[in-house]
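Colleague: attaching a predicted model along with its sequence, questions to come.
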Amino acid sequence: MAYEFYEILEVSRDVSAEELKRAYRKKAMEVHPDRHGGDKEKETLFKEVNEAYATLSDPQKRAHYDRFGTTDMGGGFGGGQGGFHTDMDFSDIFESFFGGGFQGGGARRRTSGVEGEDIEIRVKLDFSEALSGLKKTVSYSRKVVCTECSGTGAKKGTEPKECSQCRWAGQVRRRTQTIFGVMEQTGICDMCHGTGKIIADKCTKCHGERRETQKIEKEIDIPAGIDDGMTIKVRGEGNDGIGSKAGDLYITFNIPNSIDGLTREDTNLFYTTEIDPVEAVLGIKKTLKLPVLGERVLEIKSGTQHGEVLKFKGDGMKHISKDQKGDLFITVNIKIPTHPSKKEREFYHEIAREKKIEVADDGFLNKIF
Ligand SMILES: [Zn+2]
Ligand SMILES: [Zn+2]
């Protein structure tokens, strides 16, 4: 099921969060079962659309899905969160049906609080950091409750006053004509923008925003085996909410997949080295210095062929969540001397005589059958 979610929503793989939301609304409207008299096929489509959006709208789930083409998280990766849970907010859809931020069914949304948003950051790691895992300090900015006004948004010593239109409620009831007939709906008060109060004198520090931006340095435990594009979720380290929990921090890693010829594929490592024909024919134990990994002893057996692969079991990258390691594969290529010395040529002539191979004047060999 490679990347079906993108096809279901008819979006490209690099779709932005905003575009995704628009595409989702459009699709959900199109296939909503209520608009098709409970049509079963449309109901299935509707479920698929919701599942696709639930995954792609969550940065961590999306990163995982992009990588593995599935929503199955496997082990304990992702800050201890086992598997996915769906916490879709269907108010998105209903807003599109009823328009302009109105919702059917009354005061579902607390309007005086501020929801703590998630924050997404990207962090670069180098190859060896991914190999060993590390504690790393990441810097980013997050919104915290304003220390001057404690989140009221009002100037020190003053209090927010009651909104004269909604009287602290933040919402007003209105009757509206919709495609389903006349409906009484609760909408956000436009006078106080849903806060339920009016601030006469704004806080001098946050200018009424209620939160201020703070630079954060946070030490993150990065497990060995982390791979390019993987995301770690740090719960509660997103923006502070007011009367609501803080958002989460999502850290996505950029990691090169090779260093000086040592290449990584998932947990396996690959390297290529060259040996002399003599070494291939006679066999040899030789010490090879690999980037990052250090020295390994190659056991070249007598009669080794060009392109043979030596496997070092369990010498690869650690698996991100399982107690398991990949393997190291070293490909051995035979390097023919491009400019053999005079002495070397003499030895090769001897071999040629032994094999009854006649050397032509122009330097080419003719085998006598
Ligand atoms: Zn109001
Ligand atoms: Zn303030």
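Modeller: Here it is on my side, so go on. A quick note: this is a predicted structure, and the numbers were derived from the prediction, not measured. Ligands and ions are numbered 1, 2, ... in the order given.
Colleague: and the pLDDT for whichever residue of the stretch 201-350 of the chain sits closest to ligand 1?
Modeller: Nearest residue of the stretch 201-350 of the chain to ligand 1, counting by Cβ to the ion: Gly208, 15.1 Å away. Glycine gets a C-beta too; all of them are placed from N, C-alpha and C. According to the prediction, Gly208 has pLDDT 87.
Colleague: try the one 3 residues further on
Modeller: Confidence at Arg211, expressed as pLDDT, is 94.
Colleague: excluding its backbone neighbours, what's nearest it?
Modeller: With sequence-adjacent residues excluded and distances taken as Cβ to Cβ, 6 or more residues apart in numbering, Arg211 is closest to Lys143, at 4.1 Å.
Colleague: which of the three states applies to that neighbour?
Modeller: Recorded secondary structure, Lys143: strand (DSSP: H, G, I helix; E, B strand; the rest coil).
Colleague: is it true that it touches Ile216?
Modeller: No - with contact defined as Cβ atoms under 8 Å, Lys143 does not count as touching Ile216 (10.4 Å).
Colleague: between the two, which is the more surrounded one?
Modeller: Lys143 (23 against 15; other Cβ atoms under 10 Å).
Colleague: coming back round to it: now for the residue nearest to Arg211: which residues touch it?
Modeller: If you count contacts by Cβ atoms under 8 Å, 6 or more residues apart in numbering, Lys143 has them with 117, 211-214, 239-240.
Colleague: drop anything exposed from the residues you listed.
Modeller: Listed as buried from these are 211-212, 239-240; burial here means 16 or more other Cβ atoms under 10 Å.
Colleague: mind checking which of those are in strands?
Modeller: Using DSSP state E, the subset of the buried ones among the contacts of Lys143 located in strands is 211-212.
Colleague: dump the buried ones among the contacts of Lys143 to a markdown table, plus distance to Lys301.
Modeller: Below are the buried ones among the contacts of Lys143 laid out as a markdown table (distance: Cβ to Cβ, whole Å):
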| residue | distance to Lys301 |
| --- | --- |
| Arg211 | 67 |
| Glu212 | 68 |
| Asn239 | 61 |
| Asp240 | 64 |
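Colleague: redo the buried ones among the contacts of Lys143 as JSON lines? Include distance to ligand 1.
Modeller: Below are the buried ones among the contacts of Lys143 laid out as JSON lines (distance: Cβ to the ion, whole Å):
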{"residue": "Arg211", "distance to ligand 1": "20"}
{"residue": "Glu212", "distance to ligand 1": "24"}
{"residue": "Asn239", "distance to ligand 1": "24"}
{"residue": "Asp240", "distance to ligand 1": "24"}
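Colleague: what's the most distant pair in the buried ones among the contacts of Lys143?
Modeller: Glu212 and Asn239 (10.9 Å; Cβ to Cβ).
Colleague: anything in contact with each of those two?
Modeller: Joint contacts of Glu212 and Asn239 (Cβ under 8 Å, 6+ apart) are 143-144.
Colleague: between the contacts of Lys143, which sits nearest ligand 2?
Modeller: Glu212 (6.8 Å).
Colleague: the closest one and Val144 touch, don't they?
Modeller: Yes - Glu212 is in contact with Val144 according to Cβ under 8 Å; the separation is 6.3 Å.
Colleague: common neighbours of the two, please.
Modeller: Counting by Cβ under 8 Å, 6+ apart, nothing touches both Glu212 and Val144.
Colleague: contact partners for Arg175?
Modeller: 182-185.
Colleague: pLDDT score assigned to Gln177?
Modeller: pLDDT at Gln177 comes out at 74.
Colleague: around ligand 2, pick out the residues from the protein.
Modeller: By the rule Cβ under 5 Å from the ion, the part of the chain lying against ligand 2 is 146, 148-149, 203, 205-206.
Colleague: quick one: the helices in the stretch 201-350 of the chain?
Modeller: Ranges of helices in the stretch 201-350 of the chain, per DSSP state H, counting those that start in this stretch, are 277-282, 342-354.
Colleague: tell me which of these sits most buried.
Modeller: Comparing the helices of the stretch 201-350 of the chain by mean neighbour count (mean count of other Cβ atoms under 10 Å), helix 277-282 comes out on top with a mean of 16.
Colleague: tell me the spacing between the nearest residue to Lys124 once chain neighbours are set aside and Gly225.
Modeller: Nearest residue to Lys124 in three dimensions, chain neighbours excluded: Asn254, at 4.8 Å (Cβ to Cβ, 6+ apart). According to Cβ to Cβ, to the nearest Å, Asn254 stands 16 Å off from Gly225.
Colleague: just list the residues touching the residue in the stretch 251-369 of the chain that ligand 2 sits nearest to, thanks.
Modeller: Of all residues in the stretch 251-369 of the chain, Ile251 sits closest to ligand 2, at 28.6 Å by Cβ to the ion. Each residue near Ile251 by Cβ under 8 Å, 6+ apart is listed here: 121-123, 138, 220, 231-232, 234.
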